[in-house]
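J.: model the structure of this input:
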Amino acid sequence: MRSTTIKFLSAFSAAALMLAACAPAATPTAVPPTAAPAPTEAPAASGLVCEVTDTGGVDDKSFNQLAWVGAQDVAAELGWEAKYLESNSDADYPVNINEFVSQKCDLIVTVGFLLGDATLEAAKANPDQSFMILDNAYGEDVPNVYQQVYATEEGAFLAGYVAASFSKTGVVGTFGGINIPPVADFMVGFQQGIEYYNAQKGADVQLLGWDNAAKDGLFTGDFSDLVKGGEQAKALMAEGADIILPVAGPVGLGAAAEVQKAGNAYIIGVDSDWYESAAEYSAIILTSVLKRLDVSVAAGSKAVADGSFAGGIYVGNLANGQIGIAPFHDYEGEVDAALTGEVEAIQAAIIAGDIDVLNFSELP
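T.: The predicted structure is shown next:
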């Protein structure tokens, strides 16, 4: 199968130039470590992993929260300490990163494509500091930055196939926060999965909210406004969509609230298993596209701990378990009896290279 490294670079580099900081400045919110030991009870931790969130916040029930879970888990395993700083706007990114540089963190983890410029600037200014950025890669050698990207289109392909199989109306929908590659890749793969189902089954399931030919679709313009998420969900349901994939961090929770209120549609979560991370909406969660940022943070931290840390691009995909699809949970008994086996076969074919799944940068 072709290399999965080069294909991420063009889209990330181009989008990074487009997304210059434009939001007003805000004061960063610092949160103390979750388990600071009493000096009289235990020795100081031997290492420190520090996370800088994007504007979605550490409790977004999505990628910021999942990265924080990974930081806490690996800190406990290594006998380290874990800290985070939340960003209220993009003006906070360099402020928070530099604060953690001053604290001499063993690893600074920045969460999200939008932190790309601030992370790169800090890395070049502090070559002895180890950084890890999630959802971004650079078109240049940065020896002190572990650049973690994800083939989310592979997991979304599976979710698209599932959605097409489960839909009763023959119409499914999606929307995103901002049209950047880490968001669009979900939507691109989702459409390909639906199209694959249609080709295999002779069906005609329609997708609202994204078009691979146009490379565009429905976007709220941010990752924090739950009201906008609810509005998008209501609009999609009004057009007949009975399954919705929101790729917008906490904004997706607004969509879940409207879907639950409607009572006749379902949500496919992203990043974490929403059946667990957004349990208040478990009754309408069909499945989720898993992006295991927790596993990635653990891998980067352990590399620092054992001295094997190296900059470069690392790709999470179906093959290495950093991308996947969650169980059907409450709907195990309602999905087509053959669907589970079909999804497993499709996953194996994607891993083997027999099904080629494109990401945003590869669209014609």
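
J.: now residue 212: closest residue in space, sequence neighbours ignored.
T.: residue 191 (5.1 Å; Cβ to Cβ, 6 or more residues apart in numbering). For the C-beta atoms, the positions are set from N, CA and C on the backbone; glycine is no exception.

J.: so which residues of the stretch 1-150 of the chain form strands?
T.: 29-31, 48-52, 81-86, 107-111, 131-134, 145-150 (DSSP state E, counting those that start in this stretch).

J.: quick one, the second one and strand 107-111 angle?
T.: Angle of strand 48-52 versus strand 107-111, following axes from the mean of the first three to the mean of the last three Cα atoms, to 10 degrees, is 20 degrees.

J.: can you tell me what sits against strand 48-52?
T.: By Cβ atoms under 8 Å, 6 or more residues apart in numbering, the surrounding residues in contact with strand 48-52 are 58, 64, 67-68, 71, 74-75, 80-85, 87, 93, 96-97, 100, 103-111, 115, 297, 301.

J.: that one: how far from the chain's middle?
T.: Relative to its chain's centre, strand 48-52 lies at 18 Å (Cα atoms, centre = their mean, to the nearest Å).

J.: now do it and strand 81-86, the angle between them.
T.: 10 degrees.

J.: can I see the domain layout of the chain?
T.: 6-31+46-151+293-316, 155-291+323-339 (automatic domain parsing).

J.: deepest-packed of the strands of the stretch 1-150 of the chain, please.
T.: Counting by mean count of other Cβ atoms under 10 Å, strand 107-111 has the highest mean neighbour count of these, with a mean of 29.

J.: can you show me the strands along the stretch 201-350 of the chain?
T.: 206-208, 210-211, 216-217, 243-247, 266-271, 285-291, 312-316, 323-325.

J.: can you redo the domains of the chain as TSV, where the extra columns are mean pLDDT and distance to residue 357?
T.: Converted to TSV, those look like this (pLDDT from 0 to 100; distance: least, Cβ to Cβ, whole Å):
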stretch	mean pLDDT	distance to residue 357
domain 6-31+46-151+293-316	86	8
domain 155-291+323-339	97	5
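
J.: can you redo the ones you listed as TSV with distance to residue 351?
T.: Formatted as TSV, those follow (distance: least, Cβ to Cβ, whole Å):
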stretch	distance to residue 351
domain 6-31+46-151+293-316	11
domain 155-291+323-339	10
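
J.: between those domains, which gets nearest to residue 345?
T.: Ranking the domains of the chain by distance to residue 345, with Cβ to Cβ as the measure, places domain 155-291+323-339 first at 10.0 Å.

J.: mind checking the end-to-end distance for the closest one?
T.: Using Cα to Cα, to the nearest Å, one end of domain 155-291+323-339 lies 15 Å from the other.

J.: and stretch 101-119, by the same measure?
T.: Across stretch 101-119, first to last residue, Cα to Cα, it's 11 Å.

J.: check the offset of that stretch from the chain's centre.
T.: Per Cα atoms, centre = their mean, the centroid offset for stretch 101-119 relative to its chain is 17 Å.

J.: now do stretch 194-207
T.: Taking mean C-alpha positions (Cα atoms, centre = their mean), stretch 194-207 and its chain are 26 Å apart.

J.: swap in stretch 49-61?
T.: On Cα atoms, centre = their mean, the centre of stretch 49-61 falls 12 Å from that of its chain.

J.: export the strands of the stretch 1-150 of the chain as JSON lines, with columns for distance to residue 319.
T.: Shown next, in JSON lines, are the strands of the stretch 1-150 of the chain (distance: least, Cβ to Cβ, whole Å):
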{"stretch": "strand 29-31", "distance to residue 319": "35"}
{"stretch": "strand 48-52", "distance to residue 319": "26"}
{"stretch": "strand 81-86", "distance to residue 319": "29"}
{"stretch": "strand 107-111", "distance to residue 319": "23"}
{"stretch": "strand 131-134", "distance to residue 319": "19"}
{"stretch": "strand 145-150", "distance to residue 319": "12"}
